[in-house]
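> Sequence first, then the predicted structure:
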Amino acid sequence: MGTKILVVNSGSSSIKYRLFGAGDFSVLASGMVEKIGESGSRLQHRWKNHSGKFDEISHPLPISNHREGFQHIGKVTSQSMVLRDESELLGIGHRVVHGGEVFREPALINGTVVSAIRELIPLAPLHNPENLLGIEAALERYPHVPQVAVFDTAFHQSLPPYAFHYALPHEFYTAHHVRRYGFHGTSHHYVAKKAAMHLGKPLAELNLITLHLGNGASATAIQGGKSVDTSMGLTPLEGLVMGTRCGDLDPAIPFYLGRRTGRSSEDLESLLNHQSGLKGICDVNDMREILHRADRGDSRAMLAVDMFCYRIKKYIGAYFAVLGRVDAMVFTGGIGENAASIRKRCCHGLAGLGIMMDDRKNAGSSGKLSEIQEDGCPIKILVIPTDEELEIARQTVQRIQTAPSESCRRPSSGPRGPEEMGK
């Protein structure tokens, strides 16, 4: 049996990957194939050499599709001696954005699972097709390796009905599956478990508010270790202000804009997903540049920062009401982990809820798990670097180890029954 786990995150024109040791989950290699099917396609590969240090290469390569991308990944991992052939692989874990109500946990990939992910494309037209490209290419490249789908939505399947239903005619739920699903679940689950370990308490005894803040951003209320509410909804468009996504807005706005501007529903959907959020407010979606501009007095950049943090504060207050008791609040994601000024703004004025930040600790937090609350503060404020790839690797190993041995030998064969659907 193999001793390594390959984690794959496939996009429409890219394949990101990381190779772990299945025992200690140490990183053996990582890389990315980018601009697939475009001019300027490239393979970047970083691997641990015999001395324990990392080497890195970057090669321009003509890569016309995902199948060729996996062929190049196989070659470079073999040449760098980190993965000589598929016999060294215990399994492959795939990030899949939308699992609908079908997948409540990781699923061993087979024909039934692939078909179910494809049927969910209407719920995630921007993501599931891309994830499927990687799955199908990996099944072709590594046909005898067990492969597992890990779903961003799975952690949020514990939401109660009053939290996941929308106030729409019930037939839209029963016929068209319209409900809150939530996303970033792998990240929220990972940092919740890290918080429990740090606090020395079982996750099942903790109430947490986790804030995944990056170009995509979401908040989650975790009660007794389970997600009970989350800011993203049917799609990743709802909730917090994001890099290019609008987050919460009056649902009549698209109809109003359609009438006033003559834009099609497709144009408006693209506008709300790709031209709104921070980018819509100040023409930039990189928070580092926005903060730099705000420091220089740029009024639109200042407005973007104010709106971003204000929306987060509203969700913090709402989730206090949902949970009743909060043990800790967690910042994670690229902005949550690295932007001390954003964390400070999000917590400012919340002393009445028991949230009091120590500015010195906050400024000194960088790249590692940190506590940044004032001494004696009743609620811990934690900064925890997320690692979705590591969480996918762990869930992949766990799923393979709990699967019947026969089902692990030929992952691309046909249906295996409801247990393989993650039910």
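That came through, no problem. All values derive from a computational prediction rather than experimental measurement. Numbering: from 1, shown residues only.
> how about the chain, which residue sits the furthest from its center?
Distance from the C-alpha centroid of the chain peaks at Arg260, with 35.5 Å (CA atoms, centre = their mean).
> Measure how buried Pro202 is and give me the count.
Around Pro202 there are 11 other residues, counting by other CB atoms under 10 Å. For glycine as for every other residue, the C-beta is placed from the backbone atoms N, C-alpha and C.
> so it makes contact with Ala192?
No: contact criterion CB atoms under 8 Å: Pro202 and Ala192 do not qualify, at 11.5 Å.
> between those two, what contacts are shared?
Here Pro202 and Ala192 have Gly225 as joint contacts, going by CB atoms under 8 Å, 6 or more residues apart in numbering.
> ok, the residue farthest from the centre of the chain to Pro254 distance?
As defined by CB to CB, to the nearest Å, Arg260 lies at a distance of 11 Å from Pro254.
> hang on, the earlier thing: what helix or strand is the residue farthest from the centre of the chain located in?
helix 253-261 (DSSP states H and E).
> Just the mean pLDDT for that helix, thanks.
In this model, helix 253-261 has a mean pLDDT of 97.
> Check stretch 361-375 too.
Mean predicted confidence for stretch 361-375 is 94.
> what's the span of it, first residue to last?
Counting by CA to CA, to the nearest Å, you get 10 Å between the two ends of stretch 361-375.
> What are the contacting residues of it?
194, 198, 337-338, 340, 343-344, 355-358, 379-385.
> any low-confidence regions in this structure?
Counting by pLDDT under 70, the chain shows low-confidence ranges at 405-423.
> can you list the domain ranges for it.
4-159+403-421, 200-383 (automatic domain parsing).
> In a markdown table, list those along with distance to His176.
As requested, the domains of the chain are exported to a markdown table (distance: least, CB to CB, whole Å):
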| stretch | distance to His176 |
| --- | --- |
| domain 4-159+403-421 | 8 |
| domain 200-383 | 10 |
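> mind listing the helices for the stretch 1-150 of the chain?
66-79, 111-119, 128-141 (DSSP state H, counting those that start in this stretch).
> Same check on the stretch 301-423 of the chain?
333-338, 340-347, 359-364, 388-402.
> So which of these is nearest Ile135?
Closest of the helices of the stretch 301-423 of the chain to Ile135 is helix 388-402, at 12.9 Å (criterion: CB to CB).
> Please state the offset of that closest one from the chain centre?
Helix 388-402 sits 15 Å away from the centroid of its parent chain (CA atoms, centre = their mean, to the nearest Å).
> For that helix, buried residues please.
Across helix 388-402, burial judged by 16 or more other CB atoms under 10 Å covers Glu388, Glu389, Leu390, Glu391, Ile392, Ala393, Arg394, Gln395, Thr396, Val397, Arg399, Ile400.
> which residue packs closest to Gly69, ignoring adjacent ones?
Using CB to CB, 6 or more residues apart in numbering and skipping the chain neighbours, the partner closest in space to Gly69 is Val33 (4.1 Å).
> I figured that neighbour hits Arg67, correct?
No: checked against CB under 8 Å, the pair Val33 and Arg67 is beyond contact range at 11.2 Å.
> Give me the more crowded residue out of the two.
Ranked by neighbour count (other CB under 10 Å), Val33 and Arg67 place Val33 first, with 26 against 15.
> List the residues that contact the more buried one.
Ser14, Ile15, Ser41, Arg42, Leu43, Ile63, Gly69, His72, Ile73.
> again, but for Asn273
Asn273 touches Leu126, Leu237, Thr244, Arg245, counting by CB under 8 Å, 6+ apart.
> The last one: neighbouring residues, count only.
Read it as Arg245. Other residues close to Arg245 by other CB under 10 Å number 26.
> my guess is it meets Gly216, correct?
Yes: with contacts counted by CB under 8 Å, Arg245 reaches Gly216, the gap being 7.1 Å.
> which neighbours do the two share?
Pro236.
> how many neighbours does Gln79 have?
Neighbours around Gln79, by other CB under 10 Å: 13.
> on that earlier part again, format the helices of the stretch 301-423 of the chain as JSON lines; extra columns: distance to Ala29.
Formatted as JSON lines, the helices of the stretch 301-423 of the chain follow (distance: least, CB to CB, whole Å):
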{"stretch": "helix 333-338", "distance to Ala29": "22"}
{"stretch": "helix 340-347", "distance to Ala29": "32"}
{"stretch": "helix 359-364", "distance to Ala29": "32"}
{"stretch": "helix 388-402", "distance to Ala29": "12"}
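> To Thr3, which of these lies closest?
So among the helices of the stretch 301-423 of the chain, helix 388-402 is nearest, using CB to CB, at 10.7 Å.
> pretty sure Met232 contacts Gly182?
Yes: here Met232 reaches Gly182: they are 5.2 Å apart, a contact under CB under 8 Å.
> Need the residues touching each of those two.
Shared contacts of Met232 and Gly182, counting by CB under 8 Å, 6+ apart, come down to Ser218.
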